[in-house]
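Visitor: my questions are about this predicted structure, shown below with the sequence.
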Amino acid sequence: MKKLNIFIVDDDQDVAESLALVLEGRGHHVECAYSGEQALEIYSAKKFDITFLDVKLPGMNGVECFQKIRSVQADARVVMITGYSVESLLEQVRDEGAWDIMFKPLNIKKIIEMLGRLKSLTLLLVDDDPDFIESMQIALATTEIRIKTASTGNEAIEWIEQNGIDILVLDVRLPDMDGLETYKRLMERGYKLPTVIITAYAAAEASKLDQLKTWSQAQILAKPFDPNDLLTIVQRLAENCED
């Protein structure tokens, strides 16, 4: 289980620091900013597991800050917080991928439950063979990693954009677009995920796999493989995620 890097952005310093004290008391690392401009300066240099971002900020408002954060980190988990009824702005951030919306006074119990779900790493397994997926789920069940599945490249991209993940296991041959094209599109959108590429056609796809090696650190496994080989790789990637 990992400690989370949490970012709180609120111009009310008392609110920000009170929440920070609660979360630090639970073992998390917390950083605060008190304006959108300050938040972006910090965010450009660091990566956070989750950000709590107030809608009403001096200068750049929270919605503008949210949009810029997403341009820096496409899979950023951002929870918008507000003490005001600003439905038009909230609807906008919902449409643009805000992870959640919370109203002040903040429900600390709900925040702690939310962070509890995040403490487990999430792996997305993308393959259109249900038997293979089932066997890999069994192999990975010994870890504390949450396993999610998708059967197409488009489904994988949509799931990642909406939820965010920590590790990607991606088959090359998929029904809509191949796994390498899926991976390339994710990279173009700013998702730099620890990834394992799997294929049953390593010889036929050698040129594509060679190309992949030139612009990615993704690891490659050729089917059939021992499920323990994947387990070993995933555990190593998980340890790197938690560092």
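Guide: Received the coordinates, thanks. Numbers count the residues shown, from 1 in each chain.
Visitor: show me where pLDDT drops low in the chain?
Guide: Along the chain, the model assigns pLDDT under 70 to residues 1-2, 85-90, 119, 242-243.
Visitor: gap between the spatially most central residue of it and residue 129?
Guide: Ranked by distance to the mean C-alpha position of the chain (Cα atoms, centre = their mean), the top residue is residue 164 at 2.9 Å. As judged by Cβ to Cβ, to the nearest Å, residue 164 and residue 129 stand 25 Å apart. Glycine gets a C-beta too; all of them are placed from N, C-alpha and C.
Visitor: hang on, the earlier thing: I figured the residue nearest to the centre of the chain hits residue 121, correct?
Guide: No: taking contacts as Cβ atoms under 8 Å, residue 164 lies outside contact range of residue 121: 11.0 Å.
Visitor: and residue 154, how many neighbours does it have?
Guide: 15 (other Cβ atoms under 10 Å).
Visitor: any idea what sits nearest it, other than its immediate chain neighbours?
Guide: residue 176 (5.4 Å; Cβ to Cβ, 6 or more residues apart in numbering).
Visitor: show me the protein divided up by domain.
Guide: 5-118, 122-242 (automatic domain parsing).
Visitor: residue contacts, the residue nearest to the centre of the chain?
Guide: Counting by Cβ atoms under 8 Å, 6 or more residues apart in numbering, residue 164 touches 75, 76, 77, 99, 122.
Visitor: quick check: the second one vs residue 13, distance?
Guide: Spelled out, that is residue 76. Per Cβ to Cβ, residue 76 is found 23 Å from residue 13.
Visitor: higher neighbour count, the two?
Guide: Counting neighbours by other Cβ under 10 Å for residue 76 and for residue 13 shows that residue 76 has the greater number, 23 against 10.
Visitor: contacts for the host helix or strand of residue 79, please.
Guide: Using DSSP states H and E, residue 79 sits within strand 78-82. With contacts defined as Cβ under 8 Å, 6+ apart, strand 78-82 is touched by 10, 50-56, 62-63, 66, 69-70, 90, 93, 97-104, 106, 114.
Visitor: and the residues you listed, which of them are in helices?
Guide: When DSSP state H is applied, the contacts of strand 78-82 are split such that 62, 63, 66, 69, 70, 90, 93, 114 fall in helices.
Visitor: I'd like those written out as TSV, with neighbour count added.
Guide: Below are the ones in helices among the contacts of strand 78-82 laid out as TSV (neighbours: other Cβ atoms under 10 Å):
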residue	neighbour count
62	26
63	22
66	25
69	23
70	18
90	18
93	22
114	17
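Visitor: reformat those residues as a markdown table; add distance to residue 30.
Guide: Shown next, in a markdown table, are the ones in helices among the contacts of strand 78-82 (distance: Cβ to Cβ, whole Å):
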| residue | distance to residue 30 |
| --- | --- |
| 62 | 18 |
| 63 | 23 |
| 66 | 19 |
| 69 | 17 |
| 70 | 21 |
| 90 | 24 |
| 93 | 22 |
| 114 | 14 |
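Visitor: please identify which pair of these lies farthest apart.
Guide: With Cβ to Cβ as the measure, no two of the ones in helices among the contacts of strand 78-82 lie farther apart than 63 and 114, at 20.8 Å.
Visitor: biggest helix in this protein by residues?
Guide: helix 227-242.
Visitor: so how far is the strand holding residue 79 off the chain centroid?
Guide: The chain centroid and the centroid of strand 78-82 are separated by 17 Å under Cα atoms, centre = their mean, to the nearest Å.
Visitor: ok, now stretch 236-243?
Guide: On Cα atoms, centre = their mean, the centre of stretch 236-243 falls 14 Å from the chain's centre.
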